[in-house]
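[1] Coordinates only, no sequence provided:
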């Protein structure tokens, strides 16, 4: 490979002219012939034994050129990129010259990572907003414990009320016609859960066991089933059974049953400690995020749009993987939510822009500060990744290069540098209105 020219033709765009010379091309053609000849049958020769010149005479001199070009291109392009000292962020647009025995040339027009300037990333002033745990928050945690320890008991001698679980039969009608999916028997509906159409659960409240009654509602305009969206409906219902959750007393017995503590006071103290640890971590995360925001604000770069689009692509793929783990797929999800792919992608736009800018700014700090990851740190990170994904270290090394691991570690060190050099003062958390 010979890099003839590497020229910046516009902002964030380079054009490379690359030559594959005769000797290198001939070696690739010979290799392509040896790979293909195994399946070639020529008169007078056993399968796989036809000489190259015979095959070329029969099918043309360039019969193996395409395979040779395809084999040479990736390495030639990557080597040229390294020699030019550029960092592509998108696929190259390639134009190939005529190919003959003397080789070929090609031009690759490629969008590259932008030039970045970042300043004042050390000594940033920031306030860490500290918050104290309130008795109300501790009480809320205790109430959740009571809810988890509660037991479902039948209700007798009163009408249904919000909070109960009503076991009902129902059948829905729209314009006097029963619709698909609108019928069930002995369905357990917790009143107040918001599980059903707005207004439905409220009309089930106040009923007696065994009572038959009608519920009139209107489907929301954005209801998933278009044929029902915005239309009034009548549900014929019957209350078969009524249940409620009976909560235990808030005392030492609850503490013993639901924790490793012997008394309620000990449990409260532990809950308060853990809530405070959580608040302190949230405060630290918040101040670090605001420090990074300050770094971005001090960054100058003309970021190619394709970098944002690629980050959105990655976010969509990650979301789709999560759906697949739940037995769903993206198309069904979009249909269910009444959305489309273009609209869905836009939901990731702001996040993608910030993530790209953060990475660019931190990579520039890595460059300015000469930050590097040591071999020991890289090996330790491989071991950590292997443990997290339940893989062997060698498998992780095949999937992720040491360069990639080292770059990520260096970026994390840049974050540490910004945080450790910042001037952080503590203050009360802003009052939430």
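    Everything's here; your move. Because the structure is predicted, anything quoted here is derived from the model rather than measured.
[2] Run through the protein and note the low-pLDDT ranges.
    Residue ranges of the chain with pLDDT under 70: 431-433.
[3] hey, where'd the strands end up in it?
    2-10, 13-20, 93-96, 104-111, 117-118, 125-130, 151-154, 165-174, 177-190, 212-218, 232-246, 299-300, 423-428 (DSSP state E).
[4] And these: which comes nearest residue 359?
    With CB to CB, the closest approach to residue 359 among the strands of the chain belongs to strand 299-300: 10.9 Å. All C-beta atoms are positioned from the backbone trio N, CA, C, and that covers glycine.
[5] Quick one: residues in contact with the closest one.
    Residues from elsewhere that reach strand 299-300 (CB atoms under 8 Å, 6 or more residues apart in numbering): 116-118, 357, 360-361, 364.
[6] Quickly name whichever of those residues is closest to residue 73.
    Distance ranking of the contacts of strand 299-300 against residue 73, using CB to CB, places residue 360 first at 28.8 Å.
[7] surely the closest one meets residue 302?
    No - because the distance of 10.8 Å does not satisfy CB atoms under 8 Å, residue 360 is recorded as not touching residue 302.
[8] out of the strands of the chain, which comes closest to residue 309?
    strand 104-111 (11.1 Å).
[9] buried set for that closest one?
    104-108, 110-111 (16 or more other CB atoms under 10 Å).
[10] and that strand, what other elements does it pack with?
    When contacts are defined as 3 or more CB pairs under 8 Å, 6 or more residues apart in numbering; DSSP states H and E, strand 104-111 sits against strand 13-20, helix 65-84, strand 93-96.
[11] for these, which one ends up most surrounded?
    Ranked by mean neighbour count under mean count of other CB atoms under 10 Å, the helices and strands packed on strand 104-111 are led by strand 13-20, which reaches a mean of 20.
[12] Check which helices and strands it sits against.
    Short answer (3+ CB pairs under 8 Å, 6+ apart): strand 13-20 packs on strand 2-10, helix 65-84, strand 104-111.
[13] Rebuild those as a markdown table, extending it with distance to residue 371.
    Shown next, in a markdown table, are those (distance: least, CB to CB, whole Å):
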| stretch | distance to residue 371 |
| --- | --- |
| strand 2-10 | 27 |
| helix 65-84 | 21 |
| strand 104-111 | 26 |
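[14] nearest to residue 159, of those?
    strand 104-111 (68.3 Å).
[15] Return the list of strands paired to that closest one, each annotated with direction.
    Sheet pairing for strand 104-111, assigned by DSSP bridges, gives strand 13-20 (antiparallel), strand 93-96 (antiparallel).
[16] Out of the ones you listed, which is closest to residue 146?
    strand 13-20 (63.3 Å).
[17] how far off helix 65-84 does that closest one point, in degrees?
    130 degrees (axes from the mean of the first three to the mean of the last three CA atoms, to 10 degrees).
[18] Not counting strand 13-20 itself, show me its contacts.
    Counting by CB under 8 Å, 6+ apart, 1-9, 28, 69, 72, 76-77, 80-81, 84, 86, 92, 103-112 sit against strand 13-20.
[19] Quick one: buried ones out of the contacts of strand 299-300?
    For the contacts of strand 299-300, buried by 16+ other CB under 10 Å: 116, 118, 357, 360-361, 364.
[20] Distance of residue 354 relative to residue 295?
    11 Å (CB to CB, to the nearest Å).
[21] what do you get for residue 128?
    The separation that residue 128 has from residue 295, given CB to CB, amounts to 17 Å.
[22] which one of the two has more residues nearby?
    Using other CB atoms under 10 Å, the more surrounded residue of residue 128 and residue 295 is residue 295, with 24 against 17.
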